[in-house]
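**Q** Give me a model of this one.
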Amino acid sequence: MIMTEMLEILRHIPKVELHCHLECAVQFTTLLDEHRRQGIPLPFTAEADLREYFLIEEPVDDFQRYLLAIERHQVIFGDVSAISRVAEETVISKAADNVKLFELRYSPTYMSRQTKGRLSQSTIHEAVKAGVTRGVAAALNNNQDIHVFLICCDHVIFKHSPWDADGFKDSVNFALHHRADFVGFDVACTEADMNPCSPFLDRLKDAGLGITVHAESDMEPEKIRFLVDRLHATRVGHGLHVPEDSAIFAYLKDKRIHMEEAPTANVRSGEVENLQNHPIQRYIQGGFSVSINSDDPGILDHTLTDEYHVLHHTFGYDMATFLKINLLALHSSFAAEDVKQKLLDLYFVRNLKTSVS
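**A** Numbers count the residues shown, from 1 in each chain. This is a model prediction of the structure:
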């Protein structure tokens with residue numbers, strides 16, 4: 001079977017995505033168009049040079065190069081219409097990938113700080129919501145059903161700016177003030193001392209928000225126990241070194257912690273040597289609840305269907321494996337139970353019966 005045929009088969013799989021950053025979801029053509037529209041000078045004229053400047057299409061030797069690409073994408077977010085446009089286009093692209101439940105995360109605090117306060121968190125948030133609404137409507141007009149839920153990130157993404165207590169508190173308060181708009185909260189800057197954050201996470205949990213945490217490549221596995229015990233995390237992003245510690249591995253499995261995995265992002269950022277060594281296979285073989293995610297699709301110029309194709313090619317995942325992973329992701333979503341049951345009945349039960357038969 002040729003690659004294009006397999007891509008189409010994989011694209012038609014009903015999907016659930018739980019880990020995708022809006023700030024890193026700008027499509028390449030949109031990035032260039034917004035530079036021109038906003039009068040922001042482009043560093044090169046040739047497309048090949050621009051792709052090398054803005055995108056990470058091959059593994060990097062230095063994680064700072066990955067962070068630099070993220071920084072270069074943020075410059076367009078000083079414009080409200082650009083924020084709304086990116087949110088809309090992200091939803092439309094996910095619907096085209098047959099994503100049925102999509103959790104989109106972003107940091108209103110981080111984005112506001114990037115504009116030095118010129119755009120308030122509330123202004124940014126309203127722009128994101130408007131874009132999501134338009135994206136869902138556009139998808140429906142194209143006979144594509146997608147349900148989108150927002151996760152509020154703390155004030156740091158990918159160690160891109162320094163952690164501070166006031167910024168974290170500001171992010172928590174914003175999420176609580178807009179509780180009706182968010183289903184969860186993402187603790188992204190977990191390399192800092194998180195002890196002072198515990199009371200704030202208590203408030204988030206009491207408000208009914210789901211909590212997920214980033215566990216990057218340089219995090220000691222033992223610290224993840226603290227994030228689960230003290231910060232109420234029920235999902236962990238990446239967890240790249242967890243399988244190296246059998247005690248933590250067993251602990252997270254016993255706690256039924258869901259692992260949000262993004263293999264291509266981890267390889268291209270240089271955090272994992274290659275796809276064959278990515279821990280997603282260890283998690284699946286170990287009986288964990290796992291989801292497949294694009295993480296930073298704009299930075300990587302990589303769709304969720306592309307990610308499925310990578311895993312199919314690398315590990316031989318078949319339709320039954322992908323169905324099981326999506327069922328686990330659906331169960332672990334922070335969306336309301338009635339919504340998850342509706343999507344289960346509409347899009348997954350039929351495929352489950354076909355898989356079993």
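
**Q** Which residues are in contact with residue 78?
**A** Contacts for residue 78 (Cβ atoms under 8 Å, 6 or more residues apart in numbering) come out as 38, 114-115, 118-119. The way it works is simple: take the backbone N, C-alpha and C, and place the C-beta from them, glycine included.

**Q** now this protein, which segments are flagged as low pLDDT?
**A** 1-3, 156-163, 189-192, 217-218, 352-357 (pLDDT under 70).

**Q** all strands of it, in order?
**A** With DSSP state E, the ranges of strands along the chain come out as 15-17, 99-106, 147-153, 182-187, 210-215, 235-238, 258-261, 289-292.

**Q** Check which helices and strands the third one sits against.
**A** Of the remaining helices and strands, those touching strand 147-153 by 3 or more Cβ pairs under 8 Å, 6 or more residues apart in numbering; DSSP states H and E are strand 99-106, helix 121-141, helix 165-177, strand 182-187.

**Q** Likewise for the fourth one?
**A** Applying 3+ Cβ pairs under 8 Å, 6+ apart, one finds that strand 182-187 makes contact with strand 99-106, strand 147-153, helix 165-177, helix 198-206, strand 210-215.

**Q** Equivalent analysis for the second one, please.
**A** When contacts are defined as 3+ Cβ pairs under 8 Å, 6+ apart, strand 99-106 packs onto strand 15-17, helix 80-96, strand 147-153, strand 182-187, helix 337-343.

**Q** Which parts of the stretch 251-357 of the chain are helices?
**A** 263-268, 280-285, 297-300, 304-315, 319-332, 337-343, 349-356 (DSSP state H, counting those that start in this stretch).

**Q** As CSV, could you dump the C-alpha coordinates of the second one?
**A** In CSV, the C-alpha atoms belonging to helix 280-285 read as follows (Å, rounded to 0.1, in the frame of the first residue of the first chain):
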residue,chain,number,x,y,z
ILE,A,280,5.2,5.4,24.2
GLN,A,281,5.8,1.8,23.3
ARG,A,282,6.8,1.0,26.9
TYR,A,283,3.7,2.7,28.2
ILE,A,284,1.4,0.8,25.8
GLN,A,285,3.1,-2.6,26.5
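
**Q** which helices and strands does it pack with?
**A** So helix 280-285, by 3+ Cβ pairs under 8 Å, 6+ apart, packs with strand 258-261, strand 289-292, helix 304-315.

**Q** ok, and which of those has the densest surroundings?
**A** Mean neighbours per residue, mean count of other Cβ atoms under 10 Å, is largest over the helices and strands packed on helix 280-285 for strand 258-261, with a mean of 27.
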